[in-house]
Structures are given as C-alpha cells and as structure tokens.
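>>> Need the 3D shape of this:
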Amino acid sequence: MKAIRISETGGPEVMKLEEIELGKPGPGEVRVRQTAIGLNYIDTYHRSGLYPVALPSGIGLEAAGVVEELGPGVSGLGVGDRIAYGTGPIGAYAGERNLPAARLTRLPPSISDETAAGMMLKGMTVRYLVRATYKVEPGDTILLHAAAGGVGLLLSQWAKALGATVIGTVGSEEKVAIARAHGCDHVINYSSEDTVARVKEITGGKGVPVVYDGVGQATLMTSLDCLRPRGLLVSFGNASGPVKALDLGLLAAKGSLYVTRPTLMTYTASDADLKETADDLVQMVASGKLKVPVNQRYALVDAVQAHRDLEARRTTGTTVLLP
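Numbering: from 1, shown residues only. Next up, the predicted model:
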C-alpha cells in the first residue's frame, strides 16, 4: 500500500509517497482500508520537528475507513464496519493500516466518510475544550481566535449549542462571513479592528471568562487582555509559533489569571475517556447540532500542496486527503 513518510523534518517537501508492505493485524488490532484522511495543523508540527517524532515516520493522526480484517482477540468490531479515529497512532496518511481496535469509533450511517475523517481530531479537541478544560455554561460569553479555522468553526457551533455568546476573531472580511455562518454572535476582523477594545465593548468592560487560543505567540497578550479577573486562557495550539516565555507576574497584574496548555492526547489517554469524548462528538454530529464543513479535498499524492495551503492560511473549515 502507499503511504506518505518523512525521513527528516522540515518544510512540506520532506513528505514522500512510498510503497509500504503491510502485514497482518496483530493481537487487538484490525486492518482498515482508509477512505478519507483528515488534515490537521498538528501534522505540520510533526513534519517540521516542532513536535518531535522518531524518524523515519508516517504522518497524520485522523482518518475514516472500513474494517477489512480482525486480529486475534478483537471484539466489538466486525469486518465491514465503518470506523474513524482521531488520536493516532501517527501514520494516517496511508491507504491501509493496522490499528488498535480499542481506539476506533464505529460510525452511524448518517455520517459520511469525509465528514468523519475531518471531524474526529478537531471535534474531540472541541469537546474537551468546552466540556472539560472550561465547562461552557448557558449565558457565558467566550472568545475564540481563528474562528474560521477547522477547530474554530466546530467550537463556535458547540459553544452556541450550549447557550454561550461567541466572539470570534478572523483575519479577513471573507472569513467574517464564514464565522458568522457557523455560530459566532460577534466577529472581529483583527486586521482592521482592535480586538481588546471590541471585546470590552461587547462585554460592557468586563472581559470574558475564557479565551480559546489556538494561534499561540502572536495572540498571547491580546488573549490575556481580553480576560476578566480570574479568567482562563486556554492555549491549545501554535499556528503562529509556540509561546516560549510568559512572565507569571503578568497573570497577577492582569487580575489573578489562569493559563493552561492542554492536549487532546492527555484528555483521551484512557480508552474510557476516548470513548466518552468520541461518543459525545458522534452524537452532536449525528443530531445535526454540529456541522462539519469539508471545504477542501486533495488527493493523498498532493499532501505537499495541502500542507503549503494550510500553512499559508488558504484553507477554511476542514480539509481531507483522499487515498
């Protein structure tokens, strides 16, 4: 089977399409024929070396497909079952894989393969952000950066379904319309507006109890300045580069603030936590409360271009690779 592999870290060009021999599934594993693969920003971190991986390596954490063969000791799944996953193991950019059965989620007929491939990692990220890291309640007003991105479009919808007022930031007028269409009550174009001033205006000078920030270094101070006293900054991504230093004295000066740097892998480390998170996501999507916009499709062989477009912010919503 064919798979994208990296033998060194660097730009998109380090990804190479290779022929891989795949053995039979081992104990607790199933062989999956993949039908769609999710593209995520974390893939660029693995490729660039920001998040180190043992080389040579596959790349990608999320896909959907069909179970083709069961390994010894597998129960709860059968040949022909449609499944999806969003927490790896790394190597999703491939036509077929052997995967641990306990980390897979069975799909209902109402969710397509492309939707499933694009919803698992981002959707489970949103689930832990709004239901565990900070439990969004009816009446909350929250701030979300990169509101037209893959996570942003899902988080705004989920928070809205929970009864929150959602403020989103974007970088262009085109993205303003996209964010509004997916649940944002207020959209701030940071290219032409003062984010902090607008947030204070919207909240009557109080600030927000939580900021969801997947951008990183470029938005750090803005995020802190938008929080109310004892508010929480949830820094869950590094699209502009990682936050390398934070003077803890700033948290005191700005109102006894909290900061956390969570990861999906921590929140889904146990099979039970993964199942709870994935089941909640599947229910939200199947109910129609959460719509997953698949806005870009690339052939797997065009993964290099897909990464270039993602890093150049030429994508919105969800992107999938098709084997």
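>>> just checking, what packs against the lengthiest strand in the chain?
Determined from DSSP state E, the single longest strand within the chain is strand 29-39. On a contact count with 3 or more CB pairs under 8 Å, 6 or more residues apart in numbering; DSSP states H and E, strand 29-39 meets strand 63-70, strand 96-100, helix 113-128, helix 303-311, strand 318-322. Heads up, the C-betas are built off the backbone N, CA and C, glycines and all.
>>> how about those, which one is nearest residue 47?
helix 303-311 (6.8 Å; CB to CB).
>>> Residue 7: which of the helices and strands packed on strand 29-39 is closest?
Distance to residue 7, taken as CB to CB, is lowest for helix 303-311 among these, at 14.6 Å.
>>> residue boundaries of the helices in the stretch 51-200 of the chain?
Remark: helices assigned in the stretch 51-200 of the chain by DSSP state H, counting those that start in this stretch are 113-128, 150-161, 173-181, 195-202.
>>> just checking, what packs against the longest one?
In this structure, helix 113-128 makes packing contacts with strand 29-39, strand 63-70, strand 82-85, helix 150-161, helix 264-267, helix 271-286, strand 294-299, strand 318-322, judged by 3+ CB pairs under 8 Å, 6+ apart.
>>> For residue 148, find the nearest of the helices and strands packed on strand 29-39.
Taking the helices and strands packed on strand 29-39 one by one with CB to CB, strand 318-322 is closest: 11.6 Å.
>>> which parts of the closest one are buried?
Across strand 318-322, burial judged by 16 or more other CB atoms under 10 Å covers 318-322.
>>> Confidence-wise, which of those comes last?
Lowest-confidence member of the buried residues of strand 318-322: residue 318, scoring 89 (pLDDT).
>>> which residues touch that residue?
38-39, 118-119, 122, 150, 153, 292-296 (CB atoms under 8 Å, 6 or more residues apart in numbering).
>>> Help me confirm that residue 226 comes into contact with residue 210.
No - assessed by CB atoms under 8 Å, residue 226 is found out of contact with residue 210, at 9.8 Å.
>>> shared neighbours of those two, which are they?
Once CB under 8 Å, 6+ apart is applied, the residues that residue 226 and residue 210 both contact turn out to be residue 143.
>>> Phi first, then psi, for the closest residue to residue 94 other than its chain neighbours.
Nearest residue to residue 94, sequence neighbours excluded (CB to CB, 6 or more residues apart in numbering): residue 3, at 3.7 Å. With angles defined as degrees, to the nearest 10, residue 3 sits at phi -150, psi 150.
>>> what's across from residue 3 in the sheet?
With DSSP bridges applied, the residues forming beta bridges to residue 3 are residue 18, residue 94.
>>> Serialize the helices and strands packed on helix 113-128 to JSON lines and add fields for distance to residue 198.
JSON lines is the format used below for the helices and strands packed on helix 113-128 (distance: least, CB to CB, whole Å):
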{"stretch": "strand 29-39", "distance to residue 198": "31"}
{"stretch": "strand 63-70", "distance to residue 198": "38"}
{"stretch": "strand 82-85", "distance to residue 198": "37"}
{"stretch": "helix 150-161", "distance to residue 198": "16"}
{"stretch": "helix 264-267", "distance to residue 198": "30"}
{"stretch": "helix 271-286", "distance to residue 198": "29"}
{"stretch": "strand 294-299", "distance to residue 198": "26"}
{"stretch": "strand 318-322", "distance to residue 198": "27"}
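>>> Of all the ones you listed, which one is nearest residue 52?
Across the helices and strands packed on helix 113-128, residue 52 has its closest neighbour in helix 264-267 (14.2 Å, CB to CB).
>>> What residues sit buried inside the closest one?
Neighbour count says helix 264-267 has 264, 267 buried, by 16+ other CB under 10 Å.
>>> Which strands or helices does it pack on?
helix 113-128.
>>> starting at the chain centroid, how far to the helix it packs on?
Relative to its chain's centre, helix 113-128 lies at 7 Å (CA atoms, centre = their mean, to the nearest Å).
>>> Output that helix in CSV, but only the C-alpha positions, please.
Coordinates of each C-alpha in helix 113-128 appear next as CSV, following Å, rounded to 0.1, in the frame of the first residue of the first chain:
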residue,chain,number,x,y,z
ASP,A,113,-16.6,9.1,5.4
GLU,A,114,-15.3,12.6,4.5
THR,A,115,-17.2,14.2,7.4
ALA,A,116,-15.9,11.5,9.8
ALA,A,117,-12.3,11.9,8.6
GLY,A,118,-12.4,15.6,9.2
MET,A,119,-14.3,15.6,12.5
MET,A,120,-12.5,13.3,14.9
LEU,A,121,-9.4,15.1,15.9
LYS,A,122,-10.8,18.6,15.7
GLY,A,123,-14.2,17.6,17.1
MET,A,124,-12.8,15.7,20.1
THR,A,125,-10.5,18.7,20.7
VAL,A,126,-13.5,21.0,20.8
ARG,A,127,-15.3,18.5,23.1
TYR,A,128,-12.6,18.5,25.8
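>>> Cool, thanks, signing off.
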